[in-house]
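> quick one: sequence and predicted model below, then my questions.
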Amino acid sequence: MNRKYSLKDNREIEKIVKAKKSVGNRFYAIYFQKAADFKVAISPSRKIKTAVQRNYEKRVMREILRPIIPRIGGAHMLVVIKPTAVDLSFARKKEQILYLINKVKKEIS
């Protein structure tokens, strides 16, 4: 995923969370806000045991999001990775994220 799609500013991330628009399931939670461009912040839970595992989950999430960015449209999102997501296969992770992204697209439109 290209760096221009990263959401790094803590104030912007805080705005997204305070907007209280979210979708989620047992594995992921996505907070979102409508915007002109697409930006995403990925935050694995601290309950995921080691930093190596947290970084791995972030890499997997970026790889899942990379090909679908053009279809998402304008939104700022915060993706929270819950500890239960660690046990999923890549295909299952992708399926869960695509399901939640489709819910976000419906709510933004």
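Sure, I can see it.

> what's K39 sitting at in phi/psi?
Backbone geometry at K39, expressed as degrees, to the nearest 10, gives phi -140, psi 150.

> likewise the one 10 residues further on?
Dihedral angles phi and psi of K49 (degrees, to the nearest 10) take the values phi -50, psi -60.

> which pLDDT value goes with it?
pLDDT recorded at K49 is 89.

> what number of residues lie near it?
By other C-beta atoms under 10 Å, 10 other residues sit near K49. For glycine as for every other residue, the C-beta is placed from the backbone atoms N, C-alpha and C.

> go on, A41?
A41 has 19 neighbouring residues, counting by other C-beta under 10 Å.

> who's in contact with it?
A41 makes contact with 6-8, 13, 16, 77-79 under the criterion C-beta atoms under 8 Å, 6 or more residues apart in numbering.

> and the strand or helix carrying it, how far out from the chain middle?
For A41, the element it lies in under DSSP states H and E is strand 38-44. Relative to its parent chain, strand 38-44 has a centroid offset of 5 Å by C-alpha atoms, centre = their mean, to the nearest Å.

> cool, and stretch 46-58?
The chain centre lies 15 Å from the centre of stretch 46-58; the measure is C-alpha atoms, centre = their mean.
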